[in-house]
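Peer 1: Dropping the sequence and predicted coords here.
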Amino acid sequence: MVTKPILTGERIVLRPITVDDAAAMFASLSDEESMRLTGTQQTFSFEQVQQHCQRVSQADDRVDYAITLKDDPAYLGEVVLNEIDWQNRSASFRIALASETLFGKGYGTEATQLIVTFGFHTLRLHRIELEVYDFNPRAQHVYEKVGFVREGMRRDVLLWNGRYQSAIIMSILEDEYADKEMC
């Protein structure tokens with residue numbers, strides 16, 4: 001079982017997701033802008049969300065964290081390292097804030113920095129990768145600020161409101177992170 005300690009930043013705390021987060025996670029699925037930015041097209045029942053929370057809390061190939069404020073344990077979103085390949089020391093990254101009202105406050109940047117640090121320092125990963133849709137320049141800027149490098153593009157992977165969108169592939173390697181950390 002992967003150890004999932006609480007990660008504390010300046011303003012936020014990342015704590016492992018539990019089944020108790022299911023209600024807030026389910027409510028976040030009604031935020032249209034969050035769904036657009038993550039490319040979430042399917043719908044989920046509350047029971048499916050509960051099962052997901054239960055499953056990820058016990059998984060060995062991923063770490064799922066709830067984003068909370070230091071002074072308030074309420075779920076603001078999630079940040080995840082998943083598809084962990086222990087042999088090749090790599091993982092995929094994703095983040096979702098629960099509501100558009102949380103955008104632009106720095107929570108996503110701080111959560112990204114905390115989970116990337118955890119990935120390299122604690123999980124001993126070599127590579128963390130992500131995909132971000134081409135219509136999300138704000139997220140692209142955050143990822144670049146943290147040290148992710150653009151690798152390429154998957155063209156026309158998402159059909160949203162009658163238009164195809166592409167996904168930009170980005171990654172950060174442990175030595176790039178170490179160099180960034182030294183600055």
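Peer 2: Received, thanks.
Peer 1: what's the closest non-adjacent residue to residue 143?
Peer 2: Using C-beta to C-beta, 6 or more residues apart in numbering and skipping residues adjacent in sequence, the residue nearest residue 143 is residue 170, 5.4 Å away. In this view, the C-beta of every residue, glycine as well, is placed from N, C-alpha and C.
Peer 1: show me where pLDDT drops low in this structure?
Peer 2: The model of the chain has pLDDT under 70 over residues 183.
Peer 1: Recalculate using a threshold of 90.
Peer 2: Using pLDDT under 90 as the threshold, the predicted model of the chain has low-confidence ranges 1-3, 29-43, 100, 178-183.
Peer 1: top helix in it by residue count?
Peer 2: Across the chain, the helix with the greatest residue count (assigned by DSSP state H) is helix 107-121.
Peer 1: Quick check: residue 146 vs residue 45, distance?
Peer 2: With distances taken as C-beta to C-beta, to the nearest Å, residue 146 is found 34 Å from residue 45.
Peer 1: who has more neighbours, the two?
Peer 2: Summary of the neighbour comparison: residue 146 and residue 45, criterion other C-beta atoms under 10 Å, with residue 146 having more neighbours (21 against 9).
Peer 1: Pull the contacting residues for the more buried one.
Peer 2: Taking C-beta atoms under 8 Å, 6 or more residues apart in numbering as the definition of contact, the neighbours of residue 146 are 109, 112, 113, 116, 172, 180.
Peer 1: So the fifth one sits against residue 149, correct?
Peer 2: Read that as residue 172. Yes: using C-beta atoms under 8 Å as the test, residue 172 is close enough to residue 149 to be in contact (6.7 Å).
Peer 1: Those two - which one has more neighbours?
Peer 2: More crowded of residue 172 and residue 149, by other C-beta under 10 Å: residue 172, with 23 against 12.
Peer 1: So the more buried one belongs to a strand, correct?
Peer 2: Yes: according to DSSP: H, G, I helix; E, B strand; the rest coil, residue 172 belongs to a strand.
Peer 1: which residues does it contact?
Peer 2: Residues counted as contacts of residue 172 (C-beta under 8 Å, 6+ apart) are 116, 127, 128, 146, 147, 148, 149.
Peer 1: Wasn't residue 20 part of a helix?
Peer 2: Yes: in this structure, residue 20 lies within a helix as judged by three-state DSSP.
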